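Engineer: Here is my input, please return the structure:
(chains A and B, ligands or ions: 2)
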Amino acid sequence: MKLNGAKILVNSLQSEGVKHIFGYPGGAVLHIYDALDACTEIDHILVRHEQGAAHAADGYARTSGKCGVALVTSGPGITNAVTGIATAYMDSIPMVIISGQVPSQLIGNDAFQEVDAVGITRSCVKHNFLIKDINKIASTVKKAFHIATTGRPGPVLIDIPKDITIAEIEEQEYPSSVDIRSYSVVGRANAEQINAAADLIANAKRPIIYTGGGCITGNASNELTKFTKNLGFPITQTLMGLGAYPATDKLSLGMLGMHGTYEANMAMHGSDCVIAVGARFDDRVTANVDKFCPAAKIVHIDIDPTSISKNVAVDAPIVGDVKSVLEDLIAAMNTRSIQDISTWWSDIKKWRSIDSLAYKTSKGVIKPQSVIEALYDVTKGNAIVSTDVGQHQMWAAQYYKFDEPRRLITSGGLGTMGFGLPAAMGAKVAMPDMDVACVTGDGSIQMMTQELSTMLQFSTPVKIINMNNSYLGMVRQWQEFFYEKRYSMSYMDSIPDFVKLAESYGHIGIKVEDESDLKPALIEAFKQKDRTVFLDIITDHTENVFPMIPAGAGHNEMILGDRDKIEGDNQGVNLV
Amino acid sequence: MRHIISVMLENEAGALSRVSGLFSARGFNIESLTVAPTNDPTLSRMTIVSIGDDGIIEQIVKQLNKLVDVAKVTDLTATEHIERELLLVKVYVNKDTQADIDKKIDDFACKIVDVSEDSYIIELAGQGKKIDDFLDALDAFRILEVSRTGVTGVCQKR
Ligand SMILES: Cc1cc2nc3c(=O)[nH]c(=O)nc-3n(C[C@H](O)[C@H](O)[C@H](O)COP(=O)(O)OP(=O)(O)OC[C@H]3O[C@@H](n4cnc5c(N)ncnc54)[C@H](O)[C@@H]3O)c2cc1C
Ligand SMILES: Cc1ncc(C[n+]2csc(CCOP(=O)(O)OP(=O)(O)O)c2C)c(N)n1
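Structural biologist: Numbers count the residues shown, from 1 in each chain, chains lettered A, B, ... in the order given. Ligands and ions are numbered 1, 2, ... in the order given. This next block holds a predicted model:
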């Protein structure tokens, strides 16, 4: 039987096990939409903006671990999606984006709605393809999914000209395997590297395990938990790594880095052996690299060799998949004895006692930190929490204790405002039985409110926790600290009435202004299982995120909140 | 330090721009870049000369290896290798200068590949240093045009 290119494409997606596509139609993809219409296996979610499609596919991938799929038209369709693609790229999220292209013979002619999609996305995809031959549709889809989901995952774009979707060929079998000569996936780690690292670990007197997003993409929570508990070492996690190890466990020091806890950052600074597991020494984590972990030997496990010794020189590199490397390391440590680290733990306990996440409350005013604590209580720590970008994102990371992986869905690397709402929608599509909350701010939410409409049409009930401080709070905080309180363009005047906004999209809106109403409102919102509820919570306008490592400082030079006291010999500064 | 990096590249449309894009996006330096087909019609060889400390060169090699279209990367500088570059230079010649120029051509064992009324086109293959020296020697005369291919190279060992 003869099939057109669009049908072959849709069949290929079906063969890949795709169940959901987030997309938006247009001229170049109309044949594909026609083929989708006839396909009962794949549900298409019609977003209201292509950036939303990319973020939703991304949120879907982060929660489910499966590859997210987005479909957009040529020209403005793909350019709108670029922010979402770059967001996924920076956080290593598996995604396949299909973009329509003008007909082959028009490429290069400045045709209507033509952009060089492959060129524009080159620096923010793991790989991309322009299909020039109808016979290569199936093999290209196969390659795209393989590349997106293996090794260090990432987004892959397939650009497909309209004529290729229209032409017909005889139906072919979907390839069962891929062979890409120049692309190979890292195998089991080399035993020498494992042993060298194990020797360093065995000699450590002040060890710390520093883990990141790789433990989540690598589905290595069990191995990580076993490895950490066997050794009894303290563990700290990056923003991207939260949840891979239970936050409520006593070995956990919480997040490290710019807004990490006092104990995590002080422990990094004092450590003699940092064991980095699927983390990439991002500048928000290392702070000033010249002051980074001055006394430590560094072990680094990563599947991507480029991550190793990129920002910080590594003493014992291990190239491999976290899961298998941790298995090997667990075995290697079983044959070695480790040092007594009880004095190290007593140092850590001292740092912990500073309680760097404590905050001042004042009657009536809703403290943003307390919103997250209440959210944690009401959801019993069991919700999927997506965030936007800003102060609220940091509070979500600090105060919601993530005990499981794939529960915090946040844009770390690109820090994309607007990510939260569509990502929450994608998460709800992936996990319809879970509660999904979107923690956002009055600035971020306004970048993607149009998706409220999609959420009604496709019944993806999400609880929106809008921490409304009338400011671009994170910007305001920097201006307060570093620009002598010149609040240039960080105040948001004429913020919409979010309750009415939610209602006009057919959802429930609740405004919360008094502290005493907070918990009841949250309880009410989560009772509404089938409805999207927009909680517009008026929070303390000028609250700041603490601790904070200012630019150029080291881990031991945090700014702490005004409730905290610095004791003993540490050199933390207290600027506020 | 100066490194010569040899890259076997899939003969796919856009592969070249992936490599050049990588260098510009990450701020790596390119002194020269050559690319041409090999005996395997599906592969091209690209030779890149870059300057950087060990850490940067290590990143360059790793980042190149990470590109899906890159089949193999070799840092030629790290092994015994032969490097060559080809120069074509057009120089103004008249009665007064001809003998001197001919002498230089002999000294450097170059070839005259074209002679016109008032100019030569001279060909010279060799290491970059030799080409630099030859061009310096021609400086005393009127160079009309210089075209260098950039360095290419191969490993001496199998
Ligand atoms: C406003 C704001 C503030 C921020 N503040 C902080 C902060 O205070 N602290 C903080 O930590 N972050 C913070 N971030 C996030 C930060 O920008 C980075 O995104 C984050 O630190 C990177 O986390 P990661 O190192 O875990 O890397 P990821 O981006 O998650 O990278 C994962 C690493 O693991 C590797 N990997 C992937 N899969 C595997 C596998 N299967 N096996 C082995 N390795 C694998 C990858 O190659 C990569 O090197 C902030 C972001 C924003 C927007
Ligand atoms: C698309 C985009 N533009 C600009 C920024 C820079 N930025 C980071 S945080 C922030 C303020 C966020 O404000 P809001 O969403 O209200 O959150 P808050 O910090 O008040 O919690 C801005 C403008 C960004 N991260 N993303």
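Engineer: make it CA atoms for all contacts and neighbour counts henceforth
Structural biologist: OK.
Engineer: Break down chain B into its strands, ranges please.
Structural biologist: Secondary structure of chain B by DSSP state E: the strands cover B:2-10, B:32-37, B:43-51, B:70-75, B:81-92, B:111-115, B:119-126, B:142-148, B:152-155.
Engineer: Quick one: name the residues of chain B near chain A.
Structural biologist: B:10, B:18, B:21-22, B:25, B:55, B:59, B:62-63, B:66-72 (C-alpha under 8 Å from any C-alpha of the partner chain).
Engineer: Just put the strands of chain B in CSV and tack on mean pLDDT and mean neighbour count.
Structural biologist: Below are the strands of chain B laid out as CSV (pLDDT from 0 to 100; neighbours: other C-alpha atoms under 10 Å in any protein chain shown):
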stretch, mean pLDDT, mean neighbour count
strand B:2-10, 96, 22
strand B:32-37, 95, 15
strand B:43-51, 96, 21
strand B:70-75, 96, 20
strand B:81-92, 97, 19
strand B:111-115, 97, 13
strand B:119-126, 97, 19
strand B:142-148, 97, 13
strand B:152-155, 94, 20
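Engineer: Compare those and give me the one nearest ligand 2.
Structural biologist: Nearest to ligand 2 among the strands of chain B is strand B:70-75; the distance by C-alpha to the nearest ligand atom comes to 33.1 Å.
Engineer: Give the other helices and strands that the closest one contacts.
Structural biologist: In terms of contacts (3 or more C-alpha pairs under 8 Å, 6 or more residues apart in numbering or on different chains; DSSP states H and E), strand B:70-75 is packed against strand B:2-10, helix B:54-66.
Engineer: and the angle for that strand with strand B:81-92?
Structural biologist: Counting by axes from the mean of the first three to the mean of the last three C-alpha atoms, to 10 degrees, strand B:70-75 lies at 90 degrees to strand B:81-92.
Engineer: okay if I get the strands of chain B as a markdown table plus distance to A:S271?
Structural biologist: Listed next are those as a markdown table, based on distance: least, C-alpha to C-alpha, whole Å:
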| stretch | distance to A:S271 |
| --- | --- |
| strand B:2-10 | 37 |
| strand B:32-37 | 44 |
| strand B:43-51 | 35 |
| strand B:70-75 | 36 |
| strand B:81-92 | 44 |
| strand B:111-115 | 65 |
| strand B:119-126 | 53 |
| strand B:142-148 | 53 |
| strand B:152-155 | 44 |
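Engineer: right, and these - which one's nearest A:Y359?
Structural biologist: In terms of C-alpha to C-alpha, the element of those nearest to A:Y359 is strand B:43-51, at 51.1 Å.
Engineer: Point out the residues in chain A that sit beside ligand 1.
Structural biologist: By the rule C-alpha under 6 Å from any ligand atom, the part of chain A lying against ligand 1 is A:91, A:152, A:212-214, A:217-218, A:238-241, A:256-260, A:278-282, A:284-285, A:302-304, A:307, A:320-322, A:389-390, A:412-413, A:415.
Engineer: can I get the helices and strands packed on strand B:70-75 in a markdown table with distance to ligand 2?
Structural biologist: What follows is these, written out as a markdown table (distance: least, C-alpha to the nearest ligand atom, whole Å):
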| stretch | distance to ligand 2 |
| --- | --- |
| strand B:2-10 | 36 |
| helix B:54-66 | 27 |
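Engineer: Can you tell me which of those is nearest to A:I508?
Structural biologist: In terms of C-alpha to C-alpha, the element of the helices and strands packed on strand B:70-75 nearest to A:I508 is helix B:54-66, at 47.8 Å.
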